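J.: no sequence for this one, just the structure:
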């Protein structure tokens, strides 16, 4: 069983690289349930990609952490086995686990910025792996690292070697993680949500890279995800988990096209369709738009270590408008300027040039004091509900803080908070609880309630559902549609998920490198894209070959630009 012994070569045959039998992992006392997972049996063969699918809390990541020996100290496996190349890793000592990590099994984590050391160059971090597990000299290690950087399609490997993680894009950081995981050619690769935060084109490149490397090296891949499109794109077999139990498994086609279990069918039905509903154009509104942006520009200026100025033109000449009761989407890759536009609108950053008007009143050229009345009219919901709420502040205090800053009494603000909790389908009794007591989807509902407490005319959602499970995201989208219809809000929806944009947006704006390249009714842009960039985005959406979700009926659009 010792990892120092000869490694079994199973890549040429069909033997299981990873064989999990009746795995049970206990949770500490006081948890919602006694077991994180129980009676889990699955295998991953050489040259095969098995997708673990399920919502947050289903036990996907616990299984990965168990195999890698990375469970928290108060969580432990109580039953079953997890055999890697025939050896049960649950019986390994910490020293034995350290010896096989990277050599026989490796893991790609969801968020590379938290997985990479910010004070070490990318080359140094990969070099650590080689120093620990090989006897190669400095030159040989460097050449091996540059070769793997080229293999994972990183541009300018020499520059990347000397770069720090913050100097790279999200896609490049994820490629560094893949290079680190594969440099010692492990038999098993575990990928835990490696594409969740990436835009569609970068996601497509990463998925293509994992599939290519898996085929070339005959690596066994255990791929953890809640994205049905990714499953459709990459899986050979699918294992579906619910609340720690295995509810269904089979080939990709069997599970996605002929699911047997109600839970699997619910997950599939929750996936937004990539085909937008027909749009019925309403008569042009005589009212001024809630939001009007003209000629918006934003240039960031910084200095490097040598004092040289560096200018980055994040947004250039952006014009857009959002009418009352209308949803306008902004889509594009990371770095296209989507979030910069949103931050300029709410004046979290000052635009370099251009005009921004809320209900006909200028947001540009105003002092912070004169902006205060307008700030009530525009609110924003951010991507990460875990970082959007103060962990030391109760939910009630978080919601009433804004209205009280504008003169509302605490009693009146708390009554409004109670009604808002009902609106976002949470109990008013939870106002006394803290963010740590809620799931990600519940926290996002709380963030929406906090934004609505200000009675805004415009609500900006910046990737508000991209970090959520498909079923939770569907609930949040339904909630936003219901709230918008009830309150007649103008909604600016920023997303890299084209399926979400197809179903929620009346009009869509496509941005590339800070410039609007195409815009129009969502149905027109998605079914008849005019620009090559838009066509490339749509072609990169994973799982296009599967007809996920249900299309809504015709939507009524507001006045177009």
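T.: Everything's here; your move. Note that the coordinates shown come from a computational prediction; the quantities given were computed from them, not determined experimentally.

J.: distance check, residue 63 against residue 214.
T.: Here the criterion is C-beta to C-beta, to the nearest Å. By it, residue 63 lies 19 Å from residue 214. (Glycine included, C-beta is placed from N, CA and C.)

J.: what about these two, which has more around it?
T.: When neighbours are counted by other C-beta atoms under 10 Å, residue 63 comes out ahead of the other of residue 63 and residue 214, with 27 against 21.

J.: can you pull the contacts of the more buried one?
T.: 20, 23, 25, 37, 40, 52 (C-beta atoms under 8 Å, 6 or more residues apart in numbering).

J.: between the residues you listed, which has the most around it?
T.: Among those, residue 52 has the most neighbours (other C-beta under 10 Å), with 29 neighbours.

J.: quick one, what contacts it?
T.: Counting by C-beta under 8 Å, 6+ apart, residue 52 has contacts 42, 60, 63-64, 222-225, 239, 241.

J.: thinking again about what came up before, quick check, nearest of the contacts of residue 63 to residue 187?
T.: For the contacts of residue 63, the minimum distance to residue 187 (C-beta to C-beta) is 14.9 Å, reached by residue 20.

J.: element containing the closest one?
T.: Using DSSP states H and E, residue 20 falls within strand 16-26.

J.: and the contacts of that strand?
T.: 10-11, 34-46, 59, 62-63, 66-67, 71, 75-85, 105, 187-188, 220, 222.

J.: one more pass at 6 Å, please.
T.: Applying C-beta atoms under 6 Å, 6 or more residues apart in numbering, the external contacts of strand 16-26 come out as 10, 35-46, 62, 66, 77-84, 187-188, 220.

J.: quickly run through the sheet partners of it, with directions.
T.: strand 35-45 (antiparallel), strand 76-84 (antiparallel) (DSSP bridges).

J.: in the protein, which helix or strand is least confident?
T.: strand 555-557 (a mean of 51; mean pLDDT, DSSP states H and E).

J.: buried residues in the strand holding residue 20?
T.: For strand 16-26, a neighbour-count test (16 or more other C-beta atoms under 10 Å) marks 16-20, 23-26 as buried.

J.: next one: stretch 371-380
T.: Residues of stretch 371-380 classed as buried: 371, 374-380 (neighbour count, 16+ other C-beta under 10 Å).

J.: just those: which are in strands?
T.: 378-380 (DSSP state E).

J.: so how far is residue 323 from residue 51?
T.: On the measure of C-beta to C-beta, residue 51 and residue 323 end up 41 Å apart.

J.: same check, this time on residue 228
T.: 33 Å.

J.: do the same with residue 382
T.: 24 Å.

J.: those two: who's more crowded?
T.: residue 323 (23 against 17).

J.: and the more buried one, how far from residue 468?
T.: From residue 323 to residue 468 the distance is 28 Å (C-beta to C-beta).

J.: ditto for residue 148
T.: Distance from residue 148 to residue 468, by C-beta to C-beta: 33 Å.

J.: with residue 349 instead?
T.: In terms of C-beta to C-beta, residue 349 sits 26 Å off from residue 468.

J.: the two: who's more crowded?
T.: More crowded of residue 349 and residue 468, by other C-beta under 10 Å: residue 468, with 24 against 15.

J.: tell me which helix or strand that one sits in.
T.: Secondary structure (DSSP H and E) places residue 468 outside all helices and strands.

J.: next one: it from residue 56, what distance?
T.: Distance from residue 468 to residue 56, by C-beta to C-beta: 8 Å.

J.: and residue 485, which of the three is it?
T.: Under DSSP: H, G, I helix; E, B strand; the rest coil, the three-state class of residue 485 is helix.

J.: let's verify the nearest residue to it once chain neighbours are set aside: helix, strand, or coil?
T.: Computed as C-beta to C-beta, 6 or more residues apart in numbering, the closest residue to residue 485 that is not its neighbour in sequence is residue 325, at 7.7 Å. With three-state DSSP as the basis, the three-state label of residue 325 is coil.

J.: name the spans of the stretch 101-250 of the chain whose pLDDT lies under the cut-off.
T.: For the stretch 101-250 of the chain, the stretches flagged by pLDDT under 70 are 197.

J.: could you list which of the contacts of residue 52 belong to helices?
T.: 60, 63-64 (DSSP state H).

J.: quick check: phi and psi on residue 91?
T.: The phi/psi pair for residue 91 (degrees, to the nearest 10) reads phi -100, psi 0.

J.: per-residue pLDDT, residue 6?
T.: Residue 6 carries a pLDDT value of 37.

J.: now swap in residue 550 and tell me
T.: 49.

J.: just flag the most distant two among the buried residues of strand 16-26.
T.: In the buried residues of strand 16-26, two members sit farther apart than any others by C-beta to C-beta. They are 17 and 26, at 26.2 Å.

J.: residue 329 touches residue 501, doesn't it?
T.: Yes - assessed by C-beta atoms under 6 Å, residue 329 is found in contact with residue 501 at 4.3 Å.

J.: any shared contact partners between these two?
T.: Shared contacts of residue 329 and residue 501 (C-beta under 6 Å, 6+ apart): residue 508.

J.: enumerate every residue touching the closest residue in space to residue 514 that isn't next to it in sequence.
T.: The shortest distance from residue 514 to any non-neighbouring residue, by C-beta to C-beta, 6+ apart, is to residue 337 (4.0 Å). Applying C-beta under 6 Å, 6+ apart to residue 337 gives the contacts 314-315, 511, 514.

J.: which of these tops the neighbour count?
T.: residue 315 (28 neighbours).

J.: any low-confidence regions in this protein?
T.: Scanning the chain for pLDDT under 70 picks out 1-14, 197, 279-286, 303-307, 467, 544-561.

J.: per-domain residue ranges of it.
T.: Following automatic domain parsing, one gets these domains for the chain: 16-104+186-266, 122-183, 271-377+461-561, 386-455.

J.: what is the neighbour count of residue 418?
T.: 16.

J.: before we move on, what about residue 352?
T.: 16.

J.: wait, isn't it in contact with residue 295?
T.: No - counting by C-beta under 6 Å, residue 352 does not reach residue 295; the two are 10.4 Å apart.

J.: give me the buried positions along stretch 523-536.
T.: 523-526, 529, 533-534.

J.: which of the residues you listed lies closest to residue 113?
T.: Looking across the buried residues of stretch 523-536 and measuring by C-beta to C-beta, the closest to residue 113 is residue 533, at 26.6 Å.

J.: spatially nearest residue to that closest one (excluding sequence neighbours)?
T.: The nearest residue in space to residue 533 (C-beta to C-beta, 6+ apart) is residue 512, at 4.9 Å.

J.: brilliant, that's me finished.
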